[in-house]
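Chemist: The following comprises the amino acid sequence and a computationally predicted model.
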Amino acid sequence: MLRSGARLSYNSIAEKASLLPRFSAAYQTGENSQASFGYGQFEQLPDYELLLNNDDLQLEKATHYIANYQVTKDRKTFRVEAYHKEYEQLAKLSGTSYNNSGDGYARGVDVFWRDNDTFNEVDYWISYSFLDTKRDYREFPGSFTPTFASKHNFSFVYKHFINSIKSQIGFTYSFTSGRPFNNPNEEGFNQGRTKGYQDLSFNMAYLHRPSIIFYTSVSNVLGNQQIFGYLYKYTPNAEGVFERTAITPPASRFIFLGVFITIAKNQTMNQLPNL
């Protein structure tokens, strides 16, 4: 199966019309499997605070290449996806003003496995993603990994329905490798790394009636200290060291209690599969 097209758009702020091609192809490799490939070009305006510095900034561009393979059989799903993205005309600081000389790339692999059949009344899935990305943009002195990018991301989700008490229990474990940050006390740029993010969360849903569910969840059950980055002072102290403050969540745990009510003609419908 082949699909091709293009998006025609006009940006009134940049005063530019664009025709962006899109293409996708899929091939049935077996009775329960499929391989696909996609290509597309995309554009967007730089952030508005950058346009205030230079209102002649042009649209930032991205070109995407994505390959995907998926198998679905007996309530099991396996999917692997690889991608490569190229960025052009990114806003970059030059002297005291911004221009469109920035560029960058992102490439990686996503793997997903879900099994809703092997174990009775159990649904679980595992996902992992690898990301390699660098950008030369904004105030970066060269091509570096942005502070929002983590190389490794892993999650495991488990759900178990217990018929005797009309309840579903579940937990989620998430891990994200450390993100880069710039430490002014060391040489280089974005050379620091936060510690890995780990979270074990628990949830339980009680099916009071087919359309009424009582639900509770607790995040970060183990109470791990999460650090998302650091804020450094603009000037060093008497010892010549830039002091810092860790960026952390406002609370180590979050507890949610709620009631989900489904209003529909079919009284057996509810949100249990989505909890």
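Modeler: Received it, and whenever you're ready, just let me know what you need. Residues are numbered from 1 along each chain as shown.
Chemist: Tell me where the stretch 1-150 of the chain has helices.
Modeler: Secondary structure of the stretch 1-150 of the chain, counting by DSSP state H, counting those that start in this stretch: helices at 48-53.
Chemist: Also the stretch 151-275 of the chain?
Modeler: Counting by DSSP H, counting those that start in this stretch, one finds no helices in the stretch 151-275 of the chain.
Chemist: Low-confidence bits of it, can you list those?
Modeler: Low-confidence segments of the stretch 151-275 of the chain, defined by pLDDT under 70, span residues 264-275.
Chemist: residue contacts, T216?
Modeler: With contacts defined as CB atoms under 8 Å, 6 or more residues apart in numbering, the neighbours of T216 are N203, M204, I255, F256, L257, G258. The way it works is simple: take the backbone N, C-alpha and C, and place the C-beta from them, glycine included.
Chemist: Also V71?
Modeler: Contacts for V71 were tallied using CB under 8 Å, 6+ apart; they are G30, N32, S33, T77, F78, R79.
Chemist: For the closest residue in space to the fourth one that isn't next to it in sequence, give its distance to F161.
Modeler: This means T77. Of all residues not flanking T77 in the chain, R114 sits nearest, at 4.5 Å (CB to CB, 6 or more residues apart in numbering). Applying CB to CB, to the nearest Å, the value for R114 to F161 is 16 Å.
Chemist: do the same with G240
Modeler: Here the distance between G240 and F161 works out to 60 Å (CB to CB).
Chemist: quick one: which of the two has more around it?
Modeler: For G240 versus F161, the count of surrounding residues by other CB atoms under 10 Å is larger for F161: 17 against 7.
Chemist: For the more buried one, name its beta-bridge partners.
Modeler: Q168 (DSSP bridges).
Chemist: Wait, it touches E121, no?
Modeler: Yes: under the contact definition of CB atoms under 8 Å, F161 touches E121, with a separation of 4.5 Å.
Chemist: Fine, thanks again, bye for now.
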